[in-house]
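Asker: Give me the fold of what follows.
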Amino acid sequence: MTIYYEEFGNKNAPLIVFLHGGGVSGWMWEKQIEYFAQHYHCLVPDLPGHGKNSENTYFSMKQAAEQVIDLIEKVSNNRNITIIGFSLGAQIIVQLLSMRPNLVDRAIIYSALVRPMPSLKKWIAPAIKLTSPLISNRTFSKIQAKSLYIPQENFTQYYEDSCRMSQQTLISVLTENMSFLIPENFKYVKTSMLVLVGDKEKSMMKKSANDLVKSNANCKGMVVADIGHGISFANPALFNEIIDNWLSASHSNNSEFFSGC
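Answerer: Now for the predicted structure:
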């Protein structure tokens, strides 16, 4: 199955692939595209079950990774490749790299959950069926959007994406998200990787970031101060600076690296 995507910038420049989080779509990278399209070729797919790919109601981490791999191979043309993913998109990067450890040159793994939560899995389907009427409630959606730092100007896009996603998709996305753990082959990945997490995120997210850094010597960890789950929304200028500096082999003064503890 083909995957919908958009392209920005110079098609001969180094490639950056952006993978969005669950429940949103490619529009979440608007501020990053404005910044990086000046010097990079930016590729922004909508993941299966999301945005303009919402007709595909089934979601699996492996299938999504395979589709992104196919897309990269289609457009890369032997160029330098960076891939950036948030939350669900970051999990897909971990899966993708484990399947194809030499596919990309750099990866930014931003808020990836890699500690399964089996005790919650059995409640996903009943909870979604019970609360699904709330998805079309704008007040409820505004509360959700605020928790993700989504700007007011992007609320309509967020709301439309939420309403477009089917129950089946949401159940499969959450099931995959809560079941995901670091694949065995991740330790063989040679890509240079930056693992980001906000210092106000839940402890499970911080532990997941630490697990990733410990799992591969090519991972560097960075804790971003005073931000929860959604750095690129909460402070896009800082996020762009971190990525730009890291791509230039330096790091931001606003954050700290860690190597596992």
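Asker: Look up phi and psi at the residue lying closest to Ile93 once chain neighbours are set aside.
Answerer: Once flanking residues are discounted, Ile93 sits nearest to Gly85: 4.3 Å by Cβ to Cβ, 6 or more residues apart in numbering. The C-beta positions use only the backbone N, C-alpha and C, and glycine is treated the same way. Backbone torsions of Gly85, given as degrees, to the nearest 10, read phi -140, psi 140.
Asker: List the buried residues for stretch 12-28?
Answerer: 13-28 (16 or more other Cβ atoms under 10 Å).
Asker: Quick one: end-to-end length of it, please.
Answerer: End-to-end distance of stretch 12-28 (Cα to Cα, to the nearest Å): 24 Å.
Asker: how far is that stretch from where the chain is centred?
Answerer: When distances are taken as Cα atoms, centre = their mean, to the nearest Å, stretch 12-28 is centred 8 Å away from the chain's centroid.
Asker: now swap in stretch 235-247 and tell me
Answerer: On Cα atoms, centre = their mean, the centre of stretch 235-247 falls 15 Å from that of its chain.
Asker: ranges for the strands of this structure?
Answerer: Under the criterion DSSP state E, strands of the chain are mapped to 5-9, 15-19, 41-45, 81-86, 106-110, 192-198, 219-224, 255-258.
Asker: tell me what the first one is packed against?
Answerer: Okay, so that is strand 5-9. With contacts taken as 3 or more Cβ pairs under 8 Å, 6 or more residues apart in numbering; DSSP states H and E, strand 5-9 sits against helix 30-36, strand 41-45.
Asker: neighbours around the residue nearest to Ile93, how many?
Answerer: Counted with other Cβ atoms under 10 Å, residues neighbouring Gly85 total 25.
Asker: Is it bridged to anything, and to what?
Answerer: Gly85 has the following beta-bridge partners by DSSP bridges: Leu19, Ile109.
Asker: dump the residue contacts of it.
Answerer: 18-20, 91-93, 107-110, 112 (Cβ atoms under 8 Å, 6 or more residues apart in numbering).
Asker: Is it possible to mark the buried ones in those residues?
Answerer: Buried residues within the contacts of Gly85, counting neighbours by 16+ other Cβ under 10 Å: 18-20, 91-93, 107-110, 112.
Asker: hmm, back to that, and the contacts of Gly85, which is closest to Cys42?
Answerer: Set against Cys42, the nearest of the contacts of Gly85 by Cβ to Cβ is Phe18 (6.6 Å).
Asker: Surely that closest one and Val44 touch.
Answerer: Yes. Counting by Cβ atoms under 8 Å, Val44 is a contact partner of Phe18 at 4.9 Å.
Asker: what sits in contact with each of these two?
Answerer: Common neighbours of Phe18 and Val44 (criterion: Cβ under 8 Å, 6+ apart): 26, 29, 33.
Asker: Could you tell me how many residues sit around the last one?
Answerer: I take that to be Ile33. For Ile33, the count of nearby residues is 20 (other Cβ under 10 Å).
Asker: Now do the contacts for it.
Answerer: 8-9, 18, 42, 44.
Asker: May I ask which two of those are separated the most?
Answerer: Put simply, by Cβ to Cβ the two of the contacts of Ile33 set farthest apart are Gly9 and Phe18, 11.6 Å from each other.
Asker: between those two, what contacts are shared?
Answerer: 33, 42.
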